[in-house]
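In: Curious how this folds, go ahead:
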Amino acid sequence: MRRSFLFLLGLFLLTAQAALAQTKTVTGKITDVKDGAPIAGASIQVKDSKAGTTTANDGSFSITLPANATTLIIAAIGYEKQEVRISGNTVQVALKAGEARNIDEVIVVGYGTRVKRDVTSSISRVTSKDFQNLPLPSFEQALQGRASGVFINTGSGKLGQGLNIRVRGISSISANQQPFVVIDGVPVVSQSLGSSTEPDNPLATLNPDDIESVEVLKDASSAAIYGSRASNGVLLITTKGGKQGRSKLNVGYYTGWSEPTRKQKFLNATQYKELFTAAATNAGYVAEDEFRDNTGTEDWASTNNTNWADQAFQKGYVRQYNISLTGGDARTKFLLSGSFNDQKGIIIGNRLTRATGRLNIDHNINNRFKAGANLSLTQSNNYRVPSDNAFSNPLQLNALPPLHPLLDASGQSNNATLYYNNLIEQEGNNRNLNKTYRTISNLYAEWAIQPNLRFRTQVGIDWNNLQENQFLGRRTLDGAPEGYSYDNQVTASVLTTTNTLAWNNKYGDHSIDALGGIEYQRGISSGASVEGRAFASDKFTKIANAAIISNGSSSETQFRFMSYFTRANYKFKNKYLLGASFRVDGSSRFGKDKQYGVFPAASVGWILSEENFLRNSNFLSFLKLRSSYGRTGNAEIGNFSALSLYGSAAYANIAGLVTTQIGIPNLTWENTDQFDIGLDFSILKNRISFEVDYFSKNTKDLLLAVPVPATNGYTTVVKNIGDMTNKGFDFTMNATILRGTGFNWTTSFNISTYKNEVTRLVAPVPPGGRTVGRLAVGAPFGQFFGRKYMGVDPANGDALYLAANGTTTNDYSAAIDTEIGDPNPDFYGGWNNKFSYKGFDLDVQCQFVKGGDLFNIAGIFQSVNGDYFDNQTTDQLNYWKKPGDVTNIPQPRLYDGNGAGKSSRWVQDGSYFRIKSLNFGYNFPVKWLKKAKIESARLYVAGQNLATFTKYKGYDPEVNATYVSNVNLGHDFYTPPQARTITIGVNLGF
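Out: Residues are numbered from 1 along each chain as shown. Below you'll find the predicted structure:
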């Protein structure tokens, strides 16, 4: 027995000695060639071997490799890949900064990061380099035209206005349609908190210059880790952090001016008289008499020629100051930044200011413990303008006849002798201010239990305080005759605690990583408002000075989520990929029978370029096929929709209880099942890369307020009663056209589609009185439905409509309702080009939309055939005059309504191509700056919304009136255009 043991021991030692003789250990350090700073997390790979490691925080590494190994491949994000010959047991490598290959970049995913090469889901990414130095009112506009599958409609040119963001179509009717937003791991409130009929944009409080990257999780595989709030996609926002190395100070400033991208052309005084004289004569009236009777003025005989439409606009400006300090060592990294932004809008009375401060810090306590914080504070002031539908909306000035004088006889602003109110008079006599204080912050700690096992705990808060203050003086339209004041204060906070355990390991050809976590979220919102009337003077604006306290209210609401989630990824032989995730969400928002939902997802990937039959291809650099399927949900339905609710009511000054809502115990989530298949590939040594995806989304159990007989005391009840599908393609191309010749040129192009269809409803949802959007089975969301305008009868100038038998009729009441348009785009996308030559650089971003019909609600008031004396657009002069005339404008007949009914006459193609942004700059040579002890300096000029090419006749094709319901996409009602902004700026680094 003893001899056998000694024999085996000797055999083991000989084998071990032979194995050791076949391997060797190499140590080294990876640094930045520019300043010698160590590079943490760099990848060290042995060429033609599976051996590999990564660098520690101080840039050092140690690797055991085969004795015959000759070359190491060094790669790090943001640096050029480098191959190094092994000439001893130590290696020192300095990497040059450069653009990482698209497949090598690290992207943010739910609760972690991954190398894009190994990702089996569909994710779009936009980095700070794509939008730096642009005068963006809010960060979401940075995604416009840059992220495939993401359709953004800015809606209007109002500063701080809410935006419409759709990720791969529309996945809800009554619930929230916006994507779920997470900033540095903290879920945030992205819905409006204000009481206005037009939503503001809470995300406008975030400084775009603080953002490092925005990842858009588009398919179920990437988004299902967020479960019940991911049906509309997820935006993961990562803010900038400190970098190891000596401290660096950066300061920046830009200033510029703004004007409308477009103005509509309205009739001058001569044209106005011509048109209304013809209309009155054709209907048997005298124009001057009717004008006097309707406007109450004698201005018909005047020589006035006022361009009222131009009075709605002002010269805008923008200016911003930035400062940041970054630095750190192997243990501590920090970023401290601040900014102030001041924008004066293009619409009279509109202004937005924003002051921000941020401190991000990461500290390695020792080799096993790490802690950090991301702290931010923002204060913004949004001086708002009224709703599109309000008579006090400045753009409704274009309705005033040009015959009215701008000033009265005394030289003061004319307000007494006008057809409508002079909204210019409101300037200086009113105030509509939204003041916001906000912090989105988190604290975290990490414990490396083992080198491949990490525990992380994080506490995050989104605290938002909105103070609305409105005062309308006695000379304003809505404040007359005694003055009006309104105060509203809302405080909303969302506290989120997240605990995760992450593990990864390699076993030969097998690589696996897994994550499990638990998350608790609680949101509380409370508010109080009061309004008063009758002020002694417009100098007294506070409600304490009101003679009548006319109304007041208070409210409080809250919600809770309890979530459990896990995810695992598996890789075999560096080419076969599997992924799966599973989340369980419990929410206080749903009925007792349906409080928990389950959201699974799975994905597969195959890197074909690693197969022997493609590995040595000189043309194809990378090829990956991937597919995913999973389920996400939508829980944004309000906090108490499942409950029976009671409220108080007064009768003869006696308080009592009344029921206000019928409870639905089985009310549940809106669920979206999504299938995705995609192909990622690059050619010519990765100079050109492509991403192609096809997706199919099927949303079930849509929530909708169903009408019920009012005899029981209720008019609607919320139920899960609908289904809807979205199908389409995403395509992205990135290419390096020229490089290394002194002149560099890179380009990026993306195009996306989605086809939406409602597949189940209890009953159609018809259009409203002035709107044309509807919901119906077999039709797209928001389909335009109404009378179809068929032009003008050349014989008599009558407006014609489609009749039931397929012919035309001049009887509006005999015409049929039919499909007259689709507000959803056929396709949309963007095209970006970057050029550089020596110290000069030029970045041009274009954006386009094909299709997406628009309905101009104001058209009915801008047609002389109605009962109005509003000014008209100049195209109305092309009206029918005599038999045989071929035109689309019917004969004008005052009060007759010839062609004035709601119809497709005001439906137009909303397609457009826009030069969204341009940035031209010069980077001064370092040798010029050394004497001034400046490390870097860049001077630039930038433009936003420089040119728009469209056939739409309104102010702007990128429009969506927000006072109408969600169903009414693409509606325009005196909605202001985007601003064209030119800025000049400078950035200095020390």
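In: for the residue nearest to residue 225 when sequence neighbours are not counted, what are its contacts?
Out: Spatially, and ignoring its direct neighbours in sequence, residue 225 is nearest to residue 110 (3.7 Å; Cβ to Cβ, 6 or more residues apart in numbering). Bear in mind the C-beta positions are built from the backbone N, C-alpha and C, glycine included. Taking Cβ atoms under 8 Å, 6 or more residues apart in numbering, we find residue 110 in contact with 217, 222-223, 225-226, 234, 236, 567, 581.
In: mind giving me the domain ranges of this structure?
Out: 2-95, 102-250, 251-260+313-782+822-864+899-989 (automatic domain parsing).
In: can the ones you listed go into TSV with extra columns for mean pLDDT and distance to residue 268?
Out: Formatted as TSV, these follow (pLDDT from 0 to 100; distance: least, Cβ to Cβ, whole Å):
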stretch	mean pLDDT	distance to residue 268
domain 2-95	70	58
domain 102-250	88	25
domain 251-260+313-782+822-864+899-989	91	6
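In: List of residues touching stretch 640-648?
Out: Contacts for stretch 640-648 (Cβ under 8 Å, 6+ apart): 557, 589-592, 594, 655-665, 667, 703, 718.
In: Quick one, which of those are buried?
Out: Buried members of these, counted by 16 or more other Cβ atoms under 10 Å: 589-590, 594, 661-664, 667, 703, 718.
In: what's the most distant pair in those residues?
Out: Pairwise distances across the buried ones among the contacts of stretch 640-648 (Cβ to Cβ) peak at 17.1 Å, for the pair 594 and 661.
In: measure the residue lying closest to residue 511 once chain neighbours are set aside to residue 509 for me?
Out: The spatially closest residue to residue 511, leaving aside those adjacent along the chain, is residue 571, at 4.2 Å (Cβ to Cβ, 6+ apart). From residue 571 across to residue 509, the span is 9 Å (Cβ to Cβ, to the nearest Å).
In: Give me the more crowded residue out of those two.
Out: residue 571 (21 against 12; other Cβ atoms under 10 Å).
In: mind checking how far that one is from residue 507?
Out: Following Cβ to Cβ, the distance that separates residue 571 from residue 507 is 11 Å.
In: Repeat that for residue 64.
Out: Counting by Cβ to Cβ, the gap between residue 64 and residue 507 amounts to 16 Å.
In: Have a look at those two and say which one is more surrounded.
Out: Legend: neighbour count by other Cβ under 10 Å for residue 64 and residue 507, higher for residue 64 (13 against 7).
In: so where do the strands sit in the stretch 751-900 of the chain?
Out: Secondary structure of the stretch 751-900 of the chain by DSSP state E, counting those that start in this stretch: the strands cover 755-760, 773-774, 783-787, 789-792, 799-802, 808-809, 817-821, 825-837, 840-851, 854-856.
In: Looking at these, which one is packed in the most?
Out: strand 854-856 (a mean of 27; mean count of other Cβ atoms under 10 Å).
In: center of this structure - which residue?
Out: residue 140 (3.7 Å; Cα atoms, centre = their mean).
In: Phi, psi for the closest residue to that residue other than its chain neighbours please.
Out: Among residues not flanking residue 140 along the chain, residue 163 sits closest, at 5.4 Å (Cβ to Cβ, 6+ apart). Torsion angles at residue 163 (phi, psi; degrees, to the nearest 10) stand at phi -110, psi 160.
In: residues near residue 163, how many?
Out: 23.
In: try the one 3 residues further on
Out: Burial of residue 166, expressed as a neighbour count using other Cβ under 10 Å, amounts to 25.
In: Spatially, which residue comes closest to it, not counting chain neighbours?
Out: Closest to residue 166 by Cβ to Cβ, 6+ apart is residue 151, at 4.6 Å.
In: For the stretch 201-350 of the chain, which segments count as strands?
Out: Under DSSP E, counting those that start in this stretch, the stretch 201-350 of the chain gives strands at 211-217, 234-239, 245-260, 316-328, 332-344.
In: picking that back up, how about the contacts of residue 110 in TSV, adding neighbour count?
Out: Formatted as TSV, the contacts of residue 110 follow (neighbours: other Cβ atoms under 10 Å):
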residue	neighbour count
217	28
222	32
223	34
225	28
226	27
234	26
236	25
567	24
581	28
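In: ok, of these, which one's closest to residue 474?
Out: Nearest member of the contacts of residue 110 to residue 474, counting by Cβ to Cβ, is residue 234, at 49.0 Å.
In: check which helix or strand covers the residue nearest to residue 166.
Out: strand 150-153 (DSSP states H and E).
In: residue contacts, residue 144?
Out: So residue 144 contacts 150, 152, 154, 830, 847, 916 (Cβ under 8 Å, 6+ apart).
In: Tell me how far it lies from residue 921.
Out: 21 Å.
In: try residue 602
Out: Taken as Cβ to Cβ, the span from residue 602 to residue 921 is 46 Å.
In: now residue 896
Out: 59 Å.
In: and of the domains of the chain, who's closest to residue 807?
Out: Using Cβ to Cβ, the domains of the chain put domain 251-260+313-782+822-864+899-989 closest to residue 807, at 16.3 Å.
In: Please name the residues that touch residue 860.
Out: 770, 866, 900-902, 906.
In: mind redoing it with 6 Å?
Out: Residues near residue 860 by Cβ atoms under 6 Å, 6 or more residues apart in numbering: residue 900.
In: How about residue 561?
Out: Taking Cβ under 6 Å, 6+ apart, one finds 521, 587 in contact with residue 561.
In: which stretch of helix or strand covers it?
Out: Using DSSP H and E, residue 561 falls in strand 548-572.
In: Direction included, what does that strand pair against?
Out: strand 510-533 (antiparallel), strand 576-587 (antiparallel) (DSSP bridges).
In: any idea how far the last one is from the chain center?
Out: Going back to what we said before, that points to strand 576-587. In terms of Cα atoms, centre = their mean, to the nearest Å, the centre of strand 576-587 is found 26 Å from the chain centre.
In: For the helix or strand just after it, output the C-alpha coordinates as PDB.
Out: Next in sequence after strand 576-587, counting helices and strands by DSSP H and E, comes strand 596-607. Extracted in PDB, the C-alpha atoms of strand 596-607 (Å, rounded to 0.1, in the frame of the first residue of the first chain):
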ATOM      1  CA  TYR A 596     -48.500  39.700  -8.800                       C
ATOM      2  CA  GLY A 597     -47.300  39.400 -12.400                       C
ATOM      3  CA  VAL A 598     -44.600  37.200 -13.900                       C
ATOM      4  CA  PHE A 599     -42.400  38.400 -16.700                       C
ATOM      5  CA  PRO A 600     -40.000  35.900 -18.300                       C
ATOM      6  CA  ALA A 601     -37.700  36.200 -21.300                       C
ATOM      7  CA  ALA A 602     -35.100  34.100 -23.100                       C
ATOM      8  CA  SER A 603     -32.600  34.800 -25.900                       C
ATOM      9  CA  VAL A 604     -30.100  32.900 -28.000                       C
ATOM     10  CA  GLY A 605     -27.200  34.000 -30.200                       C
ATOM     11  CA  TRP A 606     -24.700  32.400 -32.600                       C
ATOM     12  CA  ILE A 607     -21.500  34.100 -33.500                       C
END
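In: Can you list the buried residues in strand 596-607?
Out: 597, 599, 601-607.
In: cool, and stretch 556-571?
Out: 559, 561-563, 565-567, 569, 571.
In: Switch these over to TSV; also include distance to residue 810.
Out: Shown next, in TSV, are the buried residues of stretch 556-571 (distance: Cβ to Cβ, whole Å):
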residue	distance to residue 810
559	55
561	59
562	64
563	61
565	63
566	67
567	65
569	67
571	70
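In: Distance of residue 190 relative to residue 490?
Out: 15 Å.
In: same question, residue 675
Out: 40 Å.
In: more neighbours, those two?
Out: residue 490 (19 against 16).
In: could you pull out the strands for the stretch 1-150 of the chain?
Out: Using DSSP E, counting those that start in this stretch, strands in the stretch 1-150 of the chain cover 23-32, 43-46, 52-54, 60-66, 71-75, 82-85, 90-95, 106-109, 112-115, 123-127, 150-153.
In: and among those strands, the most buried is which?
Out: Counting by mean count of other Cβ under 10 Å, the most buried of these turns out to be strand 150-153, with a mean of 24.
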